[in-house]
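Novice: mind looking at a prediction? Sequence and model below.
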Amino acid sequence: MNVILPSSVSEACEMLAACAGAIPIAGGTDLLVHWPEAHDLQHETFIDLSGLEELKPLRWTDSELILGGLTTYWDVISDSRAGEELPLLVDAARQVGAVQIQTRGTWAGNIANASPAADGVPVLMAYDASLVLTSIEGDEELPLSDFYLGYKRMRRRPDQLITAIRVPRRPYAFQVFEKVGSRQAQAITKVGCAVTAFDGEWRVVANSVAPTVRRCPSIEAVLMEGEPVRGPDDLMTAIHKDVSAIDDIRSTAEYRERVLARLLYYDLRDVCPGFE
Amino acid sequence: MSDHPKSDASTLSISFVLNGEPVTIETDPSQRLLDALRYQLGLPGSKEGCAEGECGACTVYVDGLPAVSCLVPIYQVRNRHVETIESIDPGRLDPLLRSGATQCGACTPGVVMTAVWILDHPETLEAHTVRELMAGNLCRCTGYDGIVEGIERALAERTRGAARDPVADSSTGSTQAASGD
Amino acid sequence: MKRREGLAKLTGREQYVDDLPVDNCLWGVTVRSPAPRGRIAEIRFDPSIDWSQFVIVDHQGIPGRNCILLMEEDQPALAPGYVRHRHEPVLLLAHSSRAAARRAASLVEIVVEPDPPIFDPLAAPTPEQIQYGTDNVFKRLEIDKGDVERALAEAPIVVEGVYRTGAQEHVYIEPQGMLAYTDADVLVIEGSMQCPFYIEKALLPLLDRSREALRVVQRATGGGFGGKEEYPSMLAAHAALLALESGRPVKMVYDRSEDMAATTKRHPSIVSHRTGLDEAGRLLAQDIEVVLDGGAYITLSPVVLSRSVIHAAGPYACDNVRIMGRCMFTNSVPYGAFRGFGNPQGAFGVERHMDVIAHRLGMDPVELRRRNLIRDGQTTSTGQLISDGADRIAVLERALELSGYREKREERSLEPDPVLRRGIGVATIYHGAGFTGAGEVHLDSVVHVAGLPDGCLEVRTSCVEMGQGTTTVFTQLAAGRLGLDASDVAVPAPDTHVVPDSGPTVASRTAMIVGGLVEGACDDLRRRLGLRDGAKGQEVKDAIVAWYRNAGQDADENGRRELIGEARYQAPPGIEWDDDTYKGDAYGAFAWSTHVAEVEVDLRTYGIRVRDYVAVQDVGRVLNDTLARGQIQGGVAQGLGWALMEDCVLRDGAMQNTQLTDYVIPTSGDLPPIRVAFMQTPYPHGAQGAKGLGELPFNGPAPAVLNAVADALGVEPTVVPLTPERLMELLNDV
């Protein structure tokens, strides 16, 4: 196994451009799982980002919260402003693993790992976050909602690093994050969603019900158009258009879809005009 | 790229501060921090219960924050401070002993690391419960009551001890409070 | 008294087998069957690595008989050309690098020519599927009391129900681990275990060795729960074979995935009830069938079945009881010992069924129990007369009072929430401590208490400390008996060349039975010293020191000059058991308990959270409050996991979710404080009046929680674990 230890982002980008197939590693909380049995990974080349101090800070500007490429869940949990202004980030972060994971795992890593069950991604997507992808060719900015192409496929070229996540600061009229796992902590999400409303625009993002975390345009349309919803079942048509849940060892497709409908119905019943 | 540090499978020199002492080890870069601690540095107190960051038995502090050492590649601790169960002052653990926080002991080093971190950072309890903060340490023996009670006792005893501190010769008082029953 | 080894554990100084530094050590790994049944056609070694660097052992490298001897000789240590379950060990490899050994194991391919497997213990096997006896039945048992058919025919009310429970993984936090090495002519086994003499029994014929040439030493054991009762014999056999083959020390430590995939689990069960009652809810007849899935080898299944059927009728008085039990062979990874040992399956059936009956009768489930709870002077299903003076109604009442059962039932009906529903449920449970029937007599347990030249004591038993508190309790008992300080008493970990066989560390027998022998051995020591009965403290110490000064003492048969007090098990008077008819006194003592669970069901997610939990029990005298409370709380926590979330997803008879991310056990965030209270009716034949308590609490949570869910939602769940997915299906069906 090889590991490259760059001392700056530009060095890291050079290495990434020079070493085809090299794997950037940030917190390591996904890559290191079952490491002793990961015989194939042990022959790869890793580029360790953990020493790149320039990627660490979390910054507030007048219009944005900017998470660095190495900002951890714990960094956000510990930031008092995050809890007040963008509380879903804190809600989600607190439900990732447990403290020992929250202190190491990074938001950018969560995005780049591209798990359909990622907990950090739905809230960022519901907040209209965008990504800054950096390579030797420069920076590229991309909405997170356009980032995923399919299961574990994304618009990150192998030579690009996620160096920042930009989250707009807005006064949301409504926001909620729901995570359903097999237990209260340390759980992989079986079904989850993040919903926000700002200036009449709804965002509904679901995880663990499709090959990627994704926005749900049909459900958003139901909310935006104020269609009548008399119970969870009235959301099923839109849910079936938007997601494609599967049976696996953690849950069933039926459970995932029905619970998604129920979470949305009961969370939105009192705030959404068409809901009864 | 020749001037960038790069390792091959056999050689990586990693310097860090371990339990307050600077150390440098020559290591295989595929080692995890847990492997290095247990099998190279002679510190087997941190346990491997799952190798996937789930059980917390390998909890250590990296730069003062709890981390599962089974998910930390050894190269990521270069220039950092690592503290293990071996650095914990046994004198602080009596409340946990009295409350029944340990039974089989396999999860215990990790439990103690998180528990002591909570005791050292009581401000985290403003936003979190003890049970939430301990959720990263699986215990199969105690049902967690002995652990949670031990932490609460230690917090309470320290509060009592601190309240007495202004009084002359406070050390005797707080010692008695800590060793009562 | 504080846990004696507690500070060593809290500071991480306690050394488990994986922590021991061993020079020149090899790491052993196991290559396992990929298929559930068939002939091993070929073993392919990937040519990309140099196999000459590895020590390799297969079944032909076994010096003696290829079996892990326990109850029968059916289970090979290494498959002799044929496999009967997935993950059955076929080949062993060892290498000085753990990583190299692991990687190599993934590069051996076992090619199996399949034969038809069977996985469903209820399915009638086809002739090709028969692999044990003539019908795949490992064991049948029947209990008959009164005339069930007639009583059922005459009963005005008959209620039926079928209840199922799934497999459960122990998840001791320290995975299985063993070290083997030779010391001169002696093969030494050290590791994580509950039963050092089980390992001895298994390894002597396997390795064709004498007792003198095999020494088994327990190392700190990070949890067992039954999972380190029989399986360590397999792991010890493997480590021993590699050590003998290589001539070097060999360590084998499973990672979590292998441990979950390959080791024993709790037996899945199907329990059927047909119950006759009168209008007042009095039990007239209980007709019960218990079916256990035994897996591919017999392990301890007949004994598990025995405990299951004996407890299956619940702690109730009924004149007509028939319990038919059978344990079936399947091509699943063998099931084995797990805390409760068959009782939890039976208890879930009967206690869930009691609530189904109560709902049918329109009666408070508590009232139904109160009317039927066994009273002194009445008999159990095996005809055992209960006359222990324990007040089972008082235990029930105390639990109701502590939990606020009545108030909560009333409050809840006032304001139903559309999304969150609360319910409260009760389970009344019992557990016989010690081996069943004449089992303790057959064990013939012996305990030694040695006086040492400095006047201190050493308690020598084969009972291990695995977290439950053996070391502390034995210290208390010995020090208390002879009036010494705890620091004057040592309780070393068992070493089969030092300790006598005081039986396995199982069946909630350690404190009650072996603890009593510790006291008896102290008395014997005092007699040998010529001291009066009540002699204590310094007088005892002085006498021990004087004994060693006295040059006239003879060496014992081993040439040792040692002062030893000895005690041997004697059954309490009046205990009668007939193993053929399954009638009589099944256990010397039962512990009695009532659990009350309060749950909150989230109808959005079908998630069930336990909001309050109360466990009240009469376990005789409590020897150490902190330890006893810890046993109850831990047993409840493990039972809550089984009740709600611990789901072994099986494919081809093997667990698929062999990771702690996918096989989930409760975290601190999942459990409420578990509130514990003891009522203490001393048991005259237990140490200081103690009865067994370690397994008792496991029996309550599954029925109490599912009864609470039934109360909350008005449905009748019948399957454990009641995952949200299962609850959704149940509600869909309503």
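Specialist: Structure received.
Novice: quick check, central residue of chain A?
Specialist: Residue closest to the mean C-alpha point of chain A, counted by C-alpha atoms, centre = their mean, is residue A:121 at 1.0 Å.
Novice: element containing it, please.
Specialist: helix A:120-126 (DSSP states H and E).
Novice: who are the packing partners of that helix?
Specialist: Under the contact criterion of 3 or more C-beta pairs under 8 Å, 6 or more residues apart in numbering or on different chains; DSSP states H and E, helix A:120-126 touches helix A:87-94, helix A:107-113, strand A:174-180, strand A:191-198, strand A:201-207. Where you see a C-beta, it was placed from the backbone N, CA and C, and this is true even at glycine.
Novice: what's in contact with that helix?
Specialist: Under the contact criterion C-beta atoms under 8 Å, 6 or more residues apart in numbering or on different chains, helix A:120-126 has outside partners A:73, A:88-89, A:91-93, A:96, A:107, A:110-111, A:144-145, A:165, A:167, A:175, A:177, A:192-196, A:203-207, A:213, A:215.
Novice: show me what secondary structure element comes after that helix.
Specialist: strand A:130-135.
Novice: next secondary structure after that next one?
Specialist: Toward the C-terminal end, the helix or strand that comes next after strand A:130-135 (DSSP H and E) is strand A:138-143.
Novice: sheet-wise, list the partners of the helix or strand following that following strand with their directions.
Specialist: Stepping forward along the backbone from strand A:138-143, the first helix or strand reached (DSSP H and E) is strand A:148-150. The partner list of strand A:148-150 in its sheet, established with DSSP bridges, is strand A:153-154 (antiparallel).
Novice: sheet partners, orientation included, of the next helix or strand along the chain from the strand it pairs with?
Specialist: Following strand A:153-154 in sequence order, the next helix or strand is strand A:161-168 (DSSP H and E). According to DSSP bridges, strand A:161-168 has the following sheet partners: strand A:64-68 (antiparallel), strand A:130-135 (antiparallel).
Novice: could I get the ones you listed in JSON lines, plus columns for mean neighbour count?
Specialist: Supplementary listing: these in JSON lines, determined by neighbours: other C-beta atoms under 10 Å in any protein chain shown:
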{"stretch": "strand A:64-68", "mean neighbour count": "22"}
{"stretch": "strand A:130-135", "mean neighbour count": "22"}
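Novice: can you redo those as JSON lines with mean pLDDT?
Specialist: Rendered in JSON lines, the data for the strands paired with strand A:161-168 read as follows (pLDDT from 0 to 100):
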{"stretch": "strand A:64-68", "mean pLDDT": "98"}
{"stretch": "strand A:130-135", "mean pLDDT": "98"}
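Novice: of all those, which one comes closest to residue A:185?
Specialist: If you check each of the strands paired with strand A:161-168 against residue A:185 by C-beta to C-beta, strand A:64-68 wins as the nearest, at 22.9 Å.
Novice: name the surrounding residues that touch the closest one.
Specialist: Residues outside strand A:64-68 that contact it (C-beta under 8 Å, 6+ apart) are A:54-60, A:75-76, A:81-82, A:85-86, A:89, A:107-108, A:163-169.
Novice: try it again at 10 Å.
Specialist: A:52-60, A:71, A:75-76, A:79, A:81-82, A:85-86, A:89, A:106-108, A:120, A:124, A:127, A:129-132, A:162-169 (C-beta atoms under 10 Å, 6 or more residues apart in numbering or on different chains).
Novice: the following helix or strand past that strand near chain B anywhere?
Specialist: Note on strand A:64-68: by DSSP H and E, the next helix or strand toward the C-terminus is helix A:73-77. Yes. Where contact is defined by C-beta under 10 Å from any C-beta of the partner chain, part of helix A:73-77 touches chain B, namely A:74, A:77.
Novice: need the mean per-residue confidence for helix A:73-77.
Specialist: For helix A:73-77, the mean per-residue pLDDT is 98.
Novice: got it, and stretch B:122-134?
Specialist: Stretch B:122-134 comes out at a mean pLDDT of 97.
Novice: about what we covered before: look up how far chain B lies from the residue nearest to the centre of chain A.
Specialist: 19 Å (C-beta to the nearest C-beta, to the nearest Å).
Novice: ok, now residue C:384?
Specialist: 31 Å.
Novice: residue A:228 now?
Specialist: From residue A:228 over to chain B the distance is 39 Å, taken as C-beta to the nearest C-beta.
Novice: that residue against residue A:235, yeah?
Specialist: No. Because the distance of 11.2 Å does not satisfy C-beta atoms under 10 Å, residue A:228 is recorded as not touching residue A:235.
Novice: quick one, longest helix in the chain?
Specialist: Just going to use chain A. Looking only at chain A and at elements set by DSSP state H, the helix with the highest residue count is helix A:253-268.
Novice: hm, I was asking about chain B
Specialist: If each helix of chain B is counted by residues according to DSSP H, the longest one is helix B:145-164.
Novice: contact partners of the helix or strand bottoming out on mean pLDDT in chain C?
Specialist: Evaluated with mean pLDDT, DSSP states H and E, the helix-and-strand set of chain C has its lowest mean pLDDT in helix C:405-414, which scores a mean of 84. Residues from elsewhere that reach helix C:405-414, judged by C-beta under 10 Å, 6+ apart: C:364, C:366, C:396-397, C:399-401, C:404, C:421-426, C:594, C:596, C:598, C:611-612, C:614, C:711-712.
Novice: can you flag the buried ones in those residues?
Specialist: The neighbour-count test (16 or more other C-beta atoms under 10 Å in any protein chain shown) applied to the contacts of helix C:405-414 identifies C:366, C:396-397, C:399-400, C:404, C:421-426, C:594, C:596, C:598, C:612, C:614, C:711-712 as buried.
Novice: where along the stretch 1-150 of chain C do the helices fall?
Specialist: For the stretch 1-150 of chain C, the helices identified by DSSP state H, counting those that start in this stretch occupy C:6-10, C:98-105, C:148-154, in order along the chain.
Novice: residues touching residue A:99, list them.
Specialist: Contact criterion C-beta under 10 Å, 6+ apart gives A:73-74, A:77, A:185, B:56, B:59, B:65-68, B:114, B:117-118, B:124, B:128, B:132-137 as the residues in contact with residue A:99.
Novice: sorry, back to before: let's see the pLDDT reported for the residue nearest to the centre of chain A.
Specialist: 98.
Novice: tell me what residue 45 is bridged to.
Specialist: Because you didn't say which chain, this covers chain A. The partner list for residue A:45 in beta bridges (DSSP bridges) reads residue A:2.
Novice: actually, chain C is the one I wanted.
Specialist: Beta-bridge pairing of residue C:45, defined through DSSP bridges, involves residue C:108.
Novice: check what pLDDT it gets.
Specialist: 98.
Novice: could I get the contacting residues of it?
Specialist: Residues in contact with residue C:45, defined by C-beta under 10 Å, 6+ apart, are C:31, C:51, C:54, C:56, C:91, C:93, C:104, C:107-109.
Novice: want to try TSV for the residues you listed, with neighbour count and pLDDT as columns?
Specialist: Written out in TSV, the entries for the contacts of residue C:45 read as follows (neighbours: other C-beta atoms under 10 Å in any protein chain shown; pLDDT from 0 to 100):
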residue	neighbour count	pLDDT
C:31	22	98
C:51	13	98
C:54	21	98
C:56	19	98
C:91	22	98
C:93	24	98
C:104	23	97
C:107	16	97
C:108	19	98
C:109	12	98
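Novice: I'd like the average pLDDT over the host helix or strand of residue C:290.
Specialist: For residue C:290, the enclosing helix or strand under DSSP H and E is strand C:283-295. Averaged across strand C:283-295, the pLDDT comes to 98.
Novice: pull the distance from the next helix or strand after it to the chain's centre.
Specialist: For strand C:283-295, the succeeding helix or strand toward the C-terminus, using DSSP H and E, is helix C:301-311. Helix C:301-311 has its C-alpha centroid displaced from the chain centroid by 12 Å (C-alpha atoms, centre = their mean, to the nearest Å).
Novice: before I go, just wanted to say thanks for your time.
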